[in-house]
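>>> build the 3D model from these lines:
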Amino acid sequence: MSSPTPAQTRWALLAGNFAIGCGVMVAPGSLNDLVGSLQVSVALGGQLIAVSAVVMALAAPLLAALVGGWDRRTLLVVALVWYALGHALSALSPTYAALLLLRAATVLAAAVFTPQAAAAIAAMTTPAERGRAITFIFLGWSLASVVGMPVHAWIGETFGWRWAFALVAVLAAIAAWWVWRALPSGVRPPAMSLASWREALTHPGLMAIVLVTALASAGQFTLFTYFAPYYSQVFAASAAEISLMFFWFGIFGLVGNLVLSRVVDRVGAARAVFWLLAGIALSLAAWPLAGSLGVLALLIVPWALGCFASNSAQQARLGLAAPALAPALLALNTSAIYAGQAIGAASGGALVAAQTAAGASGAAIYGGLHAVGLAWVLAALALSVWAQRRMAAA
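Numbers count the residues shown, from 1 in each chain. Next up, the predicted model:
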């Protein structure tokens, strides 16, 4: 086999992130059928997302420390194979409890793949190209939102959530084969010593940047987790309309990431983060103005443009701020993404459960979710500005 080219490697890692993204999104995308099939409440179904996010948040830095010496080709392929098997078994789960346990075990692969793929591509590129390379492979997440989320929603509503999970298993298996073919062997970013981990964890500016990711993620997933039932119960959206709304959101998410990958090295990752988070905040602030599904589709465009691009920009921001600490920082940032998802999904679920218990129905069940999400995102914006000033003064 001839040596893979840098372009082939980047596309393979993008495909891996696509499979990982599809797996993370399969639960919210197929939530309507999942809760009906397993006979649990929407709030409890949302906690499936929260629990898996907690596992990924805790596992990302721990596993990064454990696998630091692994050849990245082997590591990333093993992670994708684990992901494929986990989703295949999840599709066969007889109960919600069994699915919850399998989900927690399966997402360990996501905790490994995303940060270690970023660390690998960072180690393989020059500083001048590093930001673009990292954001390019994160296009896989945007593609997952464009294709994966609406397809999951459509499959879940039409054939059932089990088929949506089975599709992720197939995608992960294909990605594992692709990464094995396209990633050269011998890629080993420098292993992180305890002193390096200590340096990363005690650096105020770097940890503030990581916390920005957690706050922004919490703000988005307070509401994003419940998109499918919201569309269905508030606007009586059909399966096709729900799928179309996810596609609409995803296509602008892809556009945001594509634009970011072209300009991030020129405008700076920190400045990009500010404007992307500002767009998300704008959509959340305007949320109550949506009187129809069509109006809502227009209101979520700024959010969609910033949703995945903000995570990509944060990864690039950390990779450029301290290249020697990149394996640890990217793992911590991945952990922050999932911690934020867990906080958002859990807080949103608590609000939904409280409104339901109070006898609310329709739109009233989801009242307040956008306001809580907006508070999280505004906090992320303020902290991001502070962190940039701190890093510039250092």
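>>> I'd say S142 and G306 touch.
No: look at S142 against G306 with Cβ atoms under 8 Å: they stay out of range, at 11.4 Å. Quick note: C-beta positions are derived from backbone N, CA and C, even for glycine.
>>> who touches both of these two?
Listed as contacting both S142 and G306 by Cβ atoms under 8 Å, 6 or more residues apart in numbering are G256.
>>> and the longest helix seen in the chain, what's buried?
Assignment by DSSP state H gives helix 326-357 as the longest helix of the chain. Buried positions in helix 326-357, judged by neighbour count with 16 or more other Cβ atoms under 10 Å: 326-353, 355.
>>> likewise stretch 270-284?
Neighbour count says stretch 270-284 has 270, 272-277, 279-284 buried, by 16+ other Cβ under 10 Å.
>>> mind putting these into JSON lines with secondary structure, distance to L76 and pLDDT?
As requested, the buried residues of stretch 270-284 are arranged in JSON lines below (DSSP: H, G, I helix; E, B strand; the rest coil; distance: Cβ to Cβ, whole Å; pLDDT from 0 to 100):
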{"residue": "A270", "secondary structure": "helix", "distance to L76": "29", "pLDDT": "92"}
{"residue": "A272", "secondary structure": "helix", "distance to L76": "27", "pLDDT": "94"}
{"residue": "V273", "secondary structure": "helix", "distance to L76": "26", "pLDDT": "95"}
{"residue": "F274", "secondary structure": "helix", "distance to L76": "32", "pLDDT": "96"}
{"residue": "W275", "secondary structure": "helix", "distance to L76": "32", "pLDDT": "95"}
{"residue": "L276", "secondary structure": "helix", "distance to L76": "27", "pLDDT": "96"}
{"residue": "L277", "secondary structure": "helix", "distance to L76": "30", "pLDDT": "97"}
{"residue": "G279", "secondary structure": "helix", "distance to L76": "32", "pLDDT": "97"}
{"residue": "I280", "secondary structure": "helix", "distance to L76": "30", "pLDDT": "97"}
{"residue": "A281", "secondary structure": "helix", "distance to L76": "35", "pLDDT": "97"}
{"residue": "L282", "secondary structure": "helix", "distance to L76": "36", "pLDDT": "97"}
{"residue": "S283", "secondary structure": "helix", "distance to L76": "34", "pLDDT": "97"}
{"residue": "L284", "secondary structure": "helix", "distance to L76": "35", "pLDDT": "96"}
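>>> which of the residues you listed sits closest to Y96?
Nearest to Y96 among the buried residues of stretch 270-284, counting by Cβ to Cβ, is L284 at 30.1 Å.
>>> from memory the closest one sits against A375, does it?
No: using Cβ under 8 Å, L284 is not in contact with A375, being 9.1 Å away.
>>> any low-confidence regions in the protein?
Applying pLDDT under 70 to the chain flags residues 1-2, 190-192, 394.
>>> quick check: S243 vs A64, distance?
35 Å (Cβ to Cβ, to the nearest Å).
>>> kindly report the same for S185.
According to Cβ to Cβ, S185 and A64 sit 20 Å apart.
>>> which one of these two is surrounded by more residues?
Set S185 next to A64 and count neighbours by other Cβ atoms under 10 Å: A64 wins out with 24 against 10.
>>> quick check: chain neighbours aside, which residue is closest to the more buried one?
A331 (3.5 Å; Cβ to Cβ, 6 or more residues apart in numbering).
>>> pretty sure that neighbour contacts A57?
No: if you go by Cβ under 8 Å, A331 and A57 don't touch, sitting 10.6 Å apart.
>>> can I get the buried residues of stretch 270-284 in CSV including distance to Q233?
Output for the buried residues of stretch 270-284, formatted as CSV (distance: Cβ to Cβ, whole Å):
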residue, distance to Q233
A270, 39
A272, 35
V273, 34
F274, 35
W275, 33
L276, 30
L277, 29
G279, 27
I280, 23
A281, 25
L282, 25
S283, 20
L284, 19
